[in-house]
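Asks: after the sequence you'll find the predicted model.
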Amino acid sequence: MAEMKAKPTEPVMVFQWHITDQCDQRCTHCYIFGENPCKTLYSAPFDRMKEVVDRCMAYTARRHFRLQFAISGGDPLLNPDFWQLAEYLKQNDIPYAIMGNPFHLTQAVCDRLYTLGCTDYQVSIDGLRDTHDRMRRPGSFDATWACLPLLHKAGITSHVMSTVSHLNLWEIPDVIDLAVQHGVGVYGFARYVPTGPDKKNAIRPTEYRAFLDACYQKYRKYRAEGCLTQFAEKEHLFVLYKYEEGLVRIPKDAKPGVLYDGCHIGLPGAILPDGTLLACRRTAGSEIGSVFDDDFPDEEGLCQKRRLAYRALDKYEDCSKCRLSQWCRGCHAVARGQSGDFFARDPQCWHIVEADEAAKA
Ligand code: SF4
Ligand code: SF4
């Protein structure tokens with residue numbers, strides 16, 4: 001008798017998996033080179049990638065999750081064994097998204113990706129043409145928009161993602177308009193995480209609130225018009241914004257200490273080309289083990305303990321005192337990048353937590 005497949009109702013676990021450091025761009029905000037400008041570039045060979053897939057299949061099966069991958073790099077298509085990996089994922093019926101560059105996408109490549117189970121392809125737009133090309137590489141802005149019809153024709157959902165800092169903040173509302181005009185499937189943004197001592201994200205908290213308001217008003221307008229582009233509210237500070245605007249409320253039956261939503265650090269984390277597991281790809285120094293460790297699938301293992309340490313609410317300097325902590329927690333990758341301390345206050349959070357402390361006392 002054949003084994004039954006995982007039921008579609010089972011929850012999904014997505015591993016963000018970086019399979020190569022190779023890339024055509026050298027973005028100013030890239031984690032690979034921000035952490036080590038002299039890094040030796042590495043692409044995982046097929047036999048190691050097959051082992052990662054097998055180990056992640058065992059990990060998710062044991063926990064009754066359906067496995068998916070968000071495959072990234074560098075540019076995943078630059079891993080010489082990428083197509084062998086795609087064939088293997090297809091054989092095992094594992095859907096995957098790709099987060100990559102536009103430069104190697106042709107219609108034939110997009111059609112082949114779709115045939116081999118790629119459901120979504122994410123590219124980046126980091127401002128209007130001059131700003132984007134300055135941060136990434138000349139011509140990148142136009143090449144990125146130009147790849148979208150190829151993905152759509154193949155049946156792949158396009159995602160456009162922006163990395164937001166003080167350098168491009170007020171260009172993002174125009175980028176949202178462009179995303180809609182180009183028929184993007186999903187649009188979202190996340191904050192720039194400073195990757196070195198000379199780098200910073202100098203957005204002031206009140207300015208960030210005004211920015212979220214401008215973006216949310218655009219989302220609201222487009223949704224009301226029946227726009228087909230979906231807007232991913234990846235920024236957890238949208239919770240604070242919507243709470244203040246009366247758009248969301250705290251459920252009466254919320255259980256103390258349960259993390260219902262917000263920062264997903266450690267759930268399950270990211271895998272680097274050499275198998276290193278990070279609690280969060282955007283958080284420097286968040287190594288919790290390796291996917292090749294014997295105790296990787298073990299609920300009681302060291303990897304699991306390190307993972308959970310990032311989710312201990314009482315360690316968070318301000319969030320631990322905030323009434324929204326079970327749904328928000330901001331982004332502490334940015335806190336870590338700015339101050340060196342992961343659990344320090346989110347530098348763009350404008351919430352005054354003293355009132356919450358007083359209410360709890
Ligand atoms: S203090 Fe933390 S949980 Fe509260 S709004 Fe700010 S980032 Fe979110
Ligand atoms: S620390 Fe920031 S980037 Fe990392 S999982 Fe949490 S919200 Fe996402």
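Replies: Happy to help now that I have it. Ligands and ions are numbered 1, 2, ... in the order given.
Asks: around ligand 2, pick out the residues from the stretch 251-361 of the chain.
Replies: The stretch 251-361 of the chain comes close to ligand 2 at residues 263-265, 280, 282-283, 331-333, as judged by CB under 6 Å from any ligand atom. Where you see a C-beta, it was placed from the backbone N, CA and C, and this is true even at glycine.
Asks: which residues does the residue in the stretch 51-200 of the chain that ligand 1 sits nearest to contact?
Replies: Each residue of the stretch 51-200 of the chain has a distance to ligand 1, by CB to the nearest ligand atom, and the smallest belongs to Arg191, at 11.8 Å. If a contact means CB atoms under 8 Å, 6 or more residues apart in numbering, then Arg191 has 163-165, 201, 203, 235, 331, 334, 348 as its contacts.
Asks: so which of the residues you listed sits lowest on pLDDT?
Replies: For the contacts of Arg191, the least confidently modelled position is Asn201, at 81, judged by pLDDT.
Asks: kindly state the pLDDT recorded for Tyr31?
Replies: The predicted structure lists Tyr31 with a pLDDT of 66.
Asks: and if you look at Asp356?
Replies: According to the prediction, Asp356 has pLDDT 64.
Asks: for Cys349, give me its contacts.
Replies: The contact partners of Cys349, by CB under 8 Å, 6+ apart, come to 205, 237, 240, 318, 330.
Asks: tell me which of these fall in strands.
Replies: Among the contacts of Cys349, no member falls in strands (DSSP state E).
Asks: can I get the residues you listed in TSV with neighbour count, pLDDT and distance to ligand 1?
Replies: Putting these into TSV (neighbours: other CB atoms under 10 Å; pLDDT from 0 to 100; distance: CB to the nearest ligand atom, whole Å) gives the following:
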residue	neighbour count	pLDDT	distance to ligand 1
Pro205	14	96	9
Leu237	25	98	6
Leu240	22	97	4
Asp318	21	93	4
Gly330	27	96	3
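Asks: and these, which two are the farthest apart?
Replies: With distances taken as CB to CB, the most widely separated pair in the contacts of Cys349 is Leu237 and Asp318, at 12.5 Å.
Asks: joint contacts of the two?
Replies: Contacts common to Leu237 and Asp318, judged by CB under 8 Å, 6+ apart, are 346, 349.
Asks: please enumerate the strands of the stretch 51-200 of the chain.
Replies: For the stretch 51-200 of the chain, the strands defined by DSSP state E, counting those that start in this stretch occupy 66-72, 96-99, 118-124, 157-164, 186-191.
Asks: the first one close to ligand 2?
Replies: Which is strand 66-72. No: taking CB under 6 Å from any ligand atom as the criterion, strand 66-72 and ligand 2 are apart, separated by no less than 12.6 Å.
Asks: ok now that strand, how far from the chain's centre?
Replies: A distance of 12 Å separates the centroid of the chain from that of strand 66-72, by CA atoms, centre = their mean, to the nearest Å.
Asks: helices and strands around that strand, which ones?
Replies: In terms of contact count using 3 or more CB pairs under 8 Å, 6 or more residues apart in numbering; DSSP states H and E, strand 66-72 is assigned the packing partners strand 12-18, helix 46-63, strand 96-99.
Asks: could you dump those into a markdown table with mean neighbour count and distance to Gln338 added?
Replies: As requested, those are arranged in a markdown table below (neighbours: other CB atoms under 10 Å; distance: least, CB to CB, whole Å):
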| stretch | mean neighbour count | distance to Gln338 |
| --- | --- | --- |
| strand 12-18 | 20 | 22 |
| helix 46-63 | 16 | 32 |
| strand 96-99 | 22 | 24 |
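Asks: mean pLDDT added to these, as CSV?
Replies: Rendered in CSV, the data for the helices and strands packed on strand 66-72 read as follows (pLDDT from 0 to 100):
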stretch, mean pLDDT
strand 12-18, 95
helix 46-63, 94
strand 96-99, 98
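Asks: pick out the residue of the stretch 51-200 of the chain closest to ligand 2.
Replies: The nearest approach of the stretch 51-200 of the chain to ligand 2 comes at Ala190, 6.7 Å away (CB to the nearest ligand atom).
Asks: which strand or helix spans the residue lying closest to that residue once chain neighbours are set aside?
Replies: Excluding its sequence neighbours, the residue lying closest to Ala190 (CB to CB, 6 or more residues apart in numbering) is Lys234, at 5.3 Å. With the criterion set as DSSP states H and E, no secondary-structure element contains Lys234; it sits in neither a helix nor a strand.
Asks: who's in contact with Lys234?
Replies: By CB under 8 Å, 6+ apart, the contact set of Lys234 is 188-190.
Asks: can you check Thr119 too?
Replies: Shown in contact with Thr119 (CB under 8 Å, 6+ apart): 95-97, 156-157.
Asks: redo those residues as TSV? Include distance to ligand 2.
Replies: What follows is the contacts of Thr119, written out as TSV (distance: CB to the nearest ligand atom, whole Å):
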residue	distance to ligand 2
Pro95	21
Tyr96	19
Ala97	16
Ile156	24
Thr157	21
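Asks: closest one of the residues you listed to Thr115?
Replies: In terms of CB to CB, no member of those lies closer to Thr115 than Ile156, at 10.6 Å.
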